[in-house]
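Participant: Give me the fold of what follows.
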Amino acid sequence: MGSVISTLLTKAQVFNITLRSSETTVYEEQHQLVTAQQALIRSTRLMYEEDLSTDAGDDDDDLDELSSETDNDEDLIRHVSVEAEGDAELGSQRLMSVFRMLVGTGQINLMSSGAEESYDDDDDSHEYNDLPEQRRIRPPNQIYSPDLGSIQRNDISFAMKDVQYPSTTTFARQSGYGISNAIVNRELGITRSLAGGFGTKEKTSIVGKFLPNSLRKITNYGYKAFCGTYSVDGSIFLTAAQDRIIHIYDTSRGQFKEMKKIAAKDVGWSILDTAFSPDGQYVAYSSWSESIHICKIDGDIDTHESLSLVPDSRRFCIFSIAFSDNGNEILGGANDGYIYAYNRELKKRVLKIGAHNEDCNSVAFADEATHVLFSAADDSLIKVWDRRCLNESAPKPVGILAGHIDGITFVDSKHDGRYLVTNSKDQSIKLWDLRVFSTGDAIVACKDVMDKNRWDYRWQQVPKRLCANREQIQGDASVMTYRGHSVLNTLIRCRFSPHSTNQRFIYTGCAAGRVVIYDILTAKVLKVLDGHEGCVRDVSWHPYLPEIVSTSWDGSVGLWTRVSQHALCDTDAEILGITTNPNPVSNRKRSRASNCGSKYLTSFTS
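Facilitator: Predicted coordinates for the structure are as follows:
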């Protein structure tokens, strides 16, 4: 096996190599060759299994035969080597294909080009080099026909039925809800608001018609960017990347002006999650460390505290963190499957729940009361916990939500104590209602499908069975399923749009370098924002403005805004409720009307 690895490394002329996974620690220099071997073993096994699956279709006899013949990974490498022994070119191609896949997906980073250079743990320039050229993942190419029955019977449909966001001129004529007609109705006093102006539903309806369509790159760090989020009031934005620096931007005047840099402490691989305190005065972050760290943003004196969670495991990581609404507690989900809560006033850990048997990738509070918690993990399950009836020594969730057939990467709460959305490696987002939990049979059915999964989303392509327009698992308790984005490489986030849109949309990052916006009621893809060369891991919608910030593994942070055209395009004409006319003079008038509508947009949300 050693000769196989040596052959690969010699052919690739690699002298310093470090294994990277989507959420993994930084390995020491003396372990680099070992981890490279492990990566090649694992990838060769995965590729070989995939080849057999492709050749045999649904028949796993050949794969089972191989597994029985090769009791361990070393035997598999020998099996592949012996198979290609008579054809040197075949052997070389197989080894180089493994290497190209690892480099292309970022699992192996080329750290230096000279054998004389050494790795220095205190020198960032050696640990993080320029990003390697990454393979661009193709967006999903599928036609998805969602089942609307569940959501049409659910309360969320009735709550939103008065606020519609279609983009057809027919609707504008029928409802009189083009922006031009809305302005006329407001001047005539024909509005829902007793005060005579636009009410909340008029404002959200208008704002919902102006989805972002233009990208402006804010910055490029030259390192994979992992996190990016607005503060509660939208006046501050922060990002975090593999450079171990938290960048704080002042966005209060519509511009991104860097106001502070915070050097993160005790970081392995990367900062994995960040969160603003509700008052916007502090930022917390997590990484491969036994502590959550919290920093003060304002003030001359830098405050940088380490909040130890006292885990049992030495190899410990917090994948997800969340502040309570009062700012007193920080919730965390860890790689040991536990949920942790740290109380800032008591200065100690106040909760430790053995929630899952696999990595707990995401956590969230259900509402401002902080009693009800959500946790989501690689076991494909979402668990709901009520702290008022929780026995920490023998924790039992009040309910389980089952329907995904692969690990869950993120959970976001609507913050109303009722609804939440989850993003999954099964390439779907699901909307859930807390009043409808899953049955035991549904949980078992999901686990049975999970046990058959033989792919790794960090470096393999999506299996065809997950791309297919398949039926839901029997007993799936979700209200709606959304498809049209890719979940690969890392823990990609999805979120509800802000209250300024009546939370009518679900938006998500995508491994294909896109931001995808779904209509929550129809599951239709309303907008695809394509502008990054690497995976978009995090997305954040401004609380009041039609602006979305995307944070990407290509190292860039992008601001998506609404830009009107000089001549009114059909979409803008439909939004404004104006019938298109080929007359150039009329087009100029409509252009002025469009600009007027855009100016009104800011006042609608203030």
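
Participant: Please report how far Asn361 lies from Asp378.
Facilitator: 6 Å (Cβ to Cβ, to the nearest Å). C-betas here are computed from N, CA, C, even on glycine.

Participant: low pLDDT regions in the protein?
Facilitator: Counting by pLDDT under 70, the ranges of the chain that qualify are 1-135, 142, 162-178, 191-196, 200, 300-301, 468-469, 565-606.

Participant: can we see that at 50?
Facilitator: The chain contains residues with pLDDT under 50 at 1-22, 24-34, 48-85, 109-130, 165-176, 566-568, 570, 578-600, 602-606.

Participant: what sits in contact with each of Asn361 and Asp378?
Facilitator: 407-408 (Cβ atoms under 8 Å, 6 or more residues apart in numbering).

Participant: Looking at these two now, which is surrounded by more residues?
Facilitator: Neighbours per residue (other Cβ atoms under 10 Å) separate Asn361 from Asp378, with Asn361 holding more: 26 against 19.

Participant: what residues are up against the more buried one?
Facilitator: Asn361 neighbours (Cβ under 8 Å, 6+ apart): 319-320, 333, 376-378, 407-410, 491.

Participant: That one: helix or strand, and which one exactly?
Facilitator: Taking DSSP states H and E as the criterion, Asn361 maps to strand 360-365.

Participant: Let me know the next secondary structure element after that strand.
Facilitator: strand 372-377.

Participant: Now the residue lying closest to Asp476 once chain neighbours are set aside, what are its backbone angles?
Facilitator: Distances taken as Cβ to Cβ, 6 or more residues apart in numbering place Gly403 nearest to Asp476, at 3.7 Å, with adjacent residues excluded. With angles defined as degrees, to the nearest 10, Gly403 sits at phi 170, psi -30.

Participant: Check the gap between Gly403 and Cys467 for me.
Facilitator: Counting by Cβ to Cβ, the gap from Gly403 to Cys467 is 18 Å.

Participant: Kindly report the same for Ala366.
Facilitator: In terms of Cβ to Cβ, Ala366 sits 32 Å off from Cys467.

Participant: who's more crowded, those two?
Facilitator: Ala366 (22 against 15).

Participant: Once you drop chain neighbours, what's closest to that one?
Facilitator: Val372 (3.7 Å).

Participant: count of neighbours near the one you found?
Facilitator: Quick note: Val372 (other Cβ under 10 Å) scores 18 neighbours.

Participant: Return the residues in contact with it.
Facilitator: Val372 sits next to 365-366, 384-387, 417, 434 when contact means Cβ under 8 Å, 6+ apart.

Participant: next one: phi and psi at Arg387?
Facilitator: Dihedral pair for Arg387: phi -70, psi -20, per degrees, to the nearest 10.

Participant: list the contacts for Met259?
Facilitator: Taking Cβ under 8 Å, 6+ apart as the test, what Met259 contacts is 236, 248-250.

Participant: One more pass at 6 Å, please.
Facilitator: By Cβ atoms under 6 Å, 6 or more residues apart in numbering, the contact set of Met259 is 248, 250.

Participant: Quick check on the contacts of Asn361: which are buried?
Facilitator: If you count burial by 16 or more other Cβ atoms under 10 Å, the buried members of the contacts of Asn361 come out as 319-320, 333, 376-378, 407-410, 491.

Participant: Show only the entries of the residues you listed found in strands.
Facilitator: Among those, the residues falling in strands (DSSP state E) are 319-320, 333, 376-377, 408-410.

Participant: rewinding a little: where's the residue nearest to Ala366 relative to Arg493, distance?
Facilitator: Taking Cβ to Cβ, one finds Val372 at 21 Å from Arg493.

Participant: Gly407 now?
Facilitator: Counting by Cβ to Cβ, the gap from Gly407 to Arg493 is 14 Å.

Participant: first vs last residue of stretch 465-475, how far apart are they?
Facilitator: 19 Å (Cα to Cα, to the nearest Å).

Participant: go on, stretch 352-371?
Facilitator: Length of stretch 352-371, first residue to last, Cα to Cα: 14 Å.

Participant: Return the set of buried residues in it.
Facilitator: Using 16+ other Cβ under 10 Å as the test for burial, stretch 352-371 gives 352-353, 355-356, 359-366, 370.

Participant: ok, now stretch 385-392?
Facilitator: Within stretch 385-392, the residues scored as buried using 16+ other Cβ under 10 Å are 385, 390.

Participant: List the contacts of that stretch.
Facilitator: Residues from elsewhere that reach stretch 385-392 (Cβ under 6 Å, 6+ apart): 371-373, 397-398.

Participant: if we go to 10 Å?
Facilitator: 339, 341, 350-355, 363, 366, 369-375, 395-399 (Cβ atoms under 10 Å, 6 or more residues apart in numbering).

Participant: can you give me the end-to-end distance of it?
Facilitator: Stretch 385-392 has its terminal residues 11 Å apart, counting by Cα to Cα.

Participant: Next: stretch 396-412.
Facilitator: First-to-last residue span, stretch 396-412, Cα to Cα: 21 Å.

Participant: now stretch 247-260
Facilitator: 6 Å.

Participant: same check, this time on stretch 299-311
Facilitator: End to end - Cα to Cα - stretch 299-311 spans 32 Å.

Participant: Flag every buried residue along it.
Facilitator: Going by neighbour count (16+ other Cβ under 10 Å), the buried part of stretch 299-311 is 307, 309, 311.
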